[in-house]
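Trainee: Give me coordinates for this.
(one chain, ligands or ions: 1)
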Amino acid sequence: MGGFIFGYDTGQISGFLEMRVFLERFGERTPVTNEHQYGYYFTNVRSGLIVGLLSIGTLIGCLIAGPLANKYGRKWCIPAWCGIFSIGVVAQVAVGTGDWVGIVMGRWTAGLGVGALSVLVPLYMSETSPVNVRGAVVACYQLFITIGIFTADCINYGTESRNDTGSYRIPMGVGWIWALILGVGIIFLPESPRHDFNHNNPSRARTTMSKFYGLPETHPMLNSEFAEIEQVMRLTAGNHPWYEAITGPRMFYRVALAMALQMLQQLTGANYFFYYGTSIFQGVGIDNSYVTAMILGSVNVGATFFGVWMARHFRRRESLYIAALWQFMCFIVFASVGQFIFKDAEIGSSTAKTAGTVMIVFACLFIVGFATTWGPLVWACIGEMFPYRYRAVGMACATSANWFWNFMLAFFTPFITGDIQYAYGYVFAGCNLAAFVVVFFFLIESSGKTLEEVDQMYLLHVKPIGSAKFEFDEETRKGIGAVGTDKMDIEAKGLGIRKKEEAGVGGVMQGEGEFENADYSGSNHPVTSLGGNGRL
Ligand SMILES: OC[C@H]1O[C@](O)(CO)[C@@H](O)[C@@H]1O
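Mentor: Have a look, this model is predicted:
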């Protein structure tokens, strides 16, 4: 439901901006023209704030949710944030005619809840689901985002022709139902076992895990996972400031990469269609532009189902960089047809219809590419690249980058399209090329590897290109297995670490006999150096 709430709020707003009653109540007067059929319109600042303030709330919510959840527990924070989200919904439904600032503030408040839930729900899911299905479970989070967007599109379609405020108040108010289901439903679920372990409740943690895994409490698999969690808890106890997640071993690289991936997930341009889809395609030939939104939404859901399957069967790197090139191509066609044919064609003419259809087709082809790869896989990648001890902070930083760029796009899109119209698509095309470069040169392949192995590959500076073929030879596996980031006895701030340069010779680990002068699989993989006693 967390993903669903995220998607529902994203999806509904594009439809509101075109609704007659919403325009009359919160827009500004203007002469009736083809473009402004109802005699009302939204200035760029106003529509940007109405769409974008939700994302500013989400950004704040997602940054404060982690520390609070560490203190009060994942479980009980979820209904609290659902409550805050509900206050935002009630405020939006309640505001009177002309009070567009009320709508903006309501969306900001609801956004606090959406953002917090966007960290807490995946965190709760990843901390409670068995290892073998964790990737698919996280990808399902994106699936529910897309189902939420599609549901909002359908409800908007059903209510937009009403002549009363129900046209927007019904879809707005329905949003509250999802929060109610999540907020009440979670009360009947147990606390995350990781949190219980951390707060001196190991026996309840054991019972919870055995329920979620469907195995007896004494099963060897559970025993080894408990031992692992206990060891991590012991080693990570003490004074470790949150920013150690950035200063820790190879963590700056990882946090920067995860933030770049989430930024690029937004800059691929998907939300250009989801936020402004209804406006972009008005007059394209489909009488009801809400139908266009539903077409885009359904393609998104269908393709994301396939994306969940792909997350289990294809490599992350190839999927992401091939899709980036595909998305680049789609935007080049979309922007060129829009800018050079559609824009100047007479509304309703056959040229406009043909060009409009080509644009919708390429928008759909773009969405297929995005929904099968960048949509779900970026969430999977950021969940896989951090060691357990830094995962909550690392994921919160990355998720906040997603929301920040989400806001930037929501806010600035009306200004930019006002100035350069469909040529805006070229900006996204360029960003998709950048996305290709980032994945190709910086992302280490994580599919088919355990989370510990992924951590170790980052520590070993394995070259991203060719990382899919990287094999841990027996000797490396034996030694490095003992020194993943989670097993390190890291001093506060993680700054007492001797980095590879200080080791002097690339590929050398000091202090652990079996690592001396090890050559990691022929490639030049300098290693974070070890001090005595495995202390980094
Ligand atoms: O499916 C599209 C949706 O997915 C997201 O990128 C989140 O992963 C949203 O920002 C977007 O609206």
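Trainee: Kindly report the residues of this structure close to the ligand.
Mentor: Taking CB under 6 Å from any ligand atom, the part of the chain that reaches the ligand is made up of 10, 142, 145-146, 265, 270-271, 274, 300, 375, 406. C-beta: built from backbone N, CA, C; applies to glycine.
Trainee: Those, buried ones only, as a ChimeraX selection?
Mentor: The buried residues among the residues of the chain next to the ligand can be selected in ChimeraX (16 or more other CB atoms under 10 Å) with this line:
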select :10,142,145,146,265,270,271,274,300,375,406
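Trainee: who's in contact with Leu261?
Mentor: 378, 381-382, 398, 438-439, 443 (CB atoms under 8 Å, 6 or more residues apart in numbering).
Trainee: redo that, cut-off 6 Å
Mentor: Contacts here follow CB atoms under 6 Å, 6 or more residues apart in numbering; on that basis Leu261 touches Val378.
Trainee: Among the residues of the chain next to the ligand, which ones are in helices?
Mentor: In helices, defined here by DSSP state H, the members of the residues of the chain next to the ligand are 10, 142, 145-146, 265, 270-271, 274, 300, 375, 406.
Trainee: ok, how many other residues are close to Asn70?
Mentor: By other CB atoms under 10 Å, 16 other residues sit near Asn70.
Trainee: Please apply the same query to Thr268.
Mentor: 27.
Trainee: With His313 instead?
Mentor: Every residue meeting other CB under 10 Å relative to His313 is counted, giving 8.
Trainee: Next up, phi/psi of it, please.
Mentor: phi -120, psi -20 (degrees, to the nearest 10).
Trainee: so how far is Thr372 from it?
Mentor: Distance from His313 to Thr372, counting by CB to CB, to the nearest Å: 11 Å.
Trainee: What of Phe16?
Mentor: 29 Å.
Trainee: ok, now Ala258?
Mentor: Distance from Ala258 to Thr372, by CB to CB: 21 Å.
Trainee: just the ones in helices among the residues of the chain next to the ligand: which has the poorest pLDDT?
Mentor: Lowest pLDDT among these: Phe274, with 78.
Trainee: who touches the residue in the stretch 301-450 of the chain that the ligand sits nearest to in this structure?
Mentor: Per CB to the nearest ligand atom, Gly375 is where the stretch 301-450 of the chain lies closest to the ligand, at 4.8 Å. Contact partners of Gly375, counting by CB under 6 Å, 6+ apart, are 142, 304.
Trainee: need the residues of the chain next to the ligand in a markdown table with distance to Glu474, can you?
Mentor: Conversion of the residues of the chain next to the ligand to a markdown table gives the following (distance: CB to CB, whole Å):
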| residue | distance to Glu474 |
| --- | --- |
| Thr10 | 48 |
| Gln142 | 37 |
| Ile145 | 42 |
| Thr146 | 43 |
| Gln265 | 37 |
| Ala270 | 44 |
| Asn271 | 47 |
| Phe274 | 49 |
| Asn300 | 45 |
| Gly375 | 38 |
| Asn406 | 45 |
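Trainee: Can you list the low-confidence ranges for the stretch 151-300 of the chain?
Mentor: Along the stretch 151-300 of the chain, the parts satisfying pLDDT under 70 run over 235-238, 276, 278-287.
Trainee: cutoff 90 now
Mentor: 153, 156-158, 160-168, 189-250, 271-297 (pLDDT under 90).
Trainee: which residues of it fall in helices?
Mentor: Assigned by DSSP state H, counting those that start in this stretch, the stretch 151-300 of the chain shows helices spanning 166-185, 193-198, 202-213, 220-236, 244-247, 251-267, 270-280, 289-313.
Trainee: Just the C-alphas of the second one, formatted as CSV.
Mentor: Extracted C-alpha coordinates of helix 193-198, given in CSV (Å, rounded to 0.1, in the frame of the first residue of the first chain):
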residue,chain,number,x,y,z
PRO,A,193,12.8,-8.5,13.4
ARG,A,194,15.9,-6.3,12.8
HIS,A,195,14.4,-3.6,15.0
ASP,A,196,13.4,-6.1,17.7
PHE,A,197,16.9,-7.4,17.7
ASN,A,198,18.3,-3.9,18.0
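Trainee: Can you name the residues in contact with that helix?
Mentor: Outside helix 193-198, the residues touching it (CB under 6 Å, 6+ apart) are 73-74, 127, 204-205, 208-209, 229, 233.
Trainee: Which of those sits closest to Pro31?
Mentor: For the contacts of helix 193-198, the closest approach to Pro31 (CB to CB) belongs to Arg74, at 53.7 Å.
Trainee: Tell me how many other residues surround the nearest residue to Glu225 once chain neighbours are set aside.
Mentor: Nearest residue to Glu225 in three dimensions, chain neighbours excluded: Met209, at 7.1 Å (CB to CB, 6 or more residues apart in numbering). Using other CB under 10 Å, Met209 has 26 neighbouring residues.
Trainee: okay but Val368 is in contact with Thr304, surely?
Mentor: No. With contact defined as CB atoms under 6 Å, Val368 does not count as touching Thr304 (9.8 Å).
Trainee: With neighbour numbers in mind, choose between these two.
Mentor: Thr304 (28 against 20).
Trainee: Let's see stretch 19-34 as CSV, backbone CA atoms only.
Mentor: What follows is stretch 19-34, C-alpha atoms only, in CSV (Å, rounded to 0.1, in the frame of the first residue of the first chain):
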residue,chain,number,x,y,z
MET,A,19,-11.0,19.6,-14.6
ARG,A,20,-13.4,22.3,-15.2
VAL,A,21,-14.5,22.7,-11.5
PHE,A,22,-11.0,22.5,-10.2
LEU,A,23,-10.0,25.2,-12.8
GLU,A,24,-12.9,27.5,-11.8
ARG,A,25,-12.2,27.2,-8.1
PHE,A,26,-8.4,27.5,-8.1
GLY,A,27,-7.4,28.9,-11.5
GLU,A,28,-7.3,32.4,-12.9
ARG,A,29,-9.7,34.0,-15.4
THR,A,30,-8.8,34.3,-19.0
PRO,A,31,-10.8,34.7,-22.3
VAL,A,32,-12.2,31.5,-23.7
THR,A,33,-9.9,30.1,-26.4
ASN,A,34,-9.2,26.7,-27.9
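Trainee: Show the average pLDDT along it.
Mentor: The model assigns stretch 19-34 a mean pLDDT of 84.
Trainee: So what touches that stretch?
Mentor: 16, 36, 38-42, 97, 100, 160, 165, 167-168.
Trainee: Out of the residues you listed, which end up buried?
Mentor: 16, 36, 40-42, 100, 160, 165, 167-168.
Trainee: mind putting those residues in TSV, distance to Glu453 included?
Mentor: Shown next, in TSV, are the buried ones among the contacts of stretch 19-34 (distance: CB to CB, whole Å):
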residue	distance to Glu453
Phe16	47
His36	58
Tyr40	58
Tyr41	55
Phe42	51
Trp100	52
Glu160	51
Thr165	56
Ser167	53
Tyr168	50
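Trainee: Now do the strands in this protein.
Mentor: 28-29, 40-41 (DSSP state E).
Trainee: Please convert the ones you listed to a markdown table, extending it with distance to Phe415.
Mentor: Conversion of the strands of the chain to a markdown table gives the following (distance: least, CB to CB, whole Å):
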| stretch | distance to Phe415 |
| --- | --- |
| strand 28-29 | 16 |
| strand 40-41 | 14 |
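Trainee: Tell me how many other residues surround the nearest residue to Tyr422 once chain neighbours are set aside.
Mentor: Nearest residue to Tyr422 in three dimensions, chain neighbours excluded: Gly338, at 2.8 Å (CB to CB, 6+ apart). Gly338 sits with 24 neighbouring residues when counted by other CB under 10 Å.
Trainee: Mind splitting the chain into its structural domains?
Mentor: 1-189, 238-489 (the TED database).
Trainee: coming back round to it: buried deepest among the helices of the stretch 151-300 of the chain, which one?
Mentor: helix 270-280 (a mean of 24; mean count of other CB atoms under 10 Å).
Trainee: For Pro216, the count of nearby residues, please.
Mentor: Neighbour number of Pro216 under other CB under 10 Å is 8.
Trainee: Could you pull up phi and psi at it?
Mentor: Residue torsions, per degrees, to the nearest 10, at Pro216 are phi -60, psi 150.
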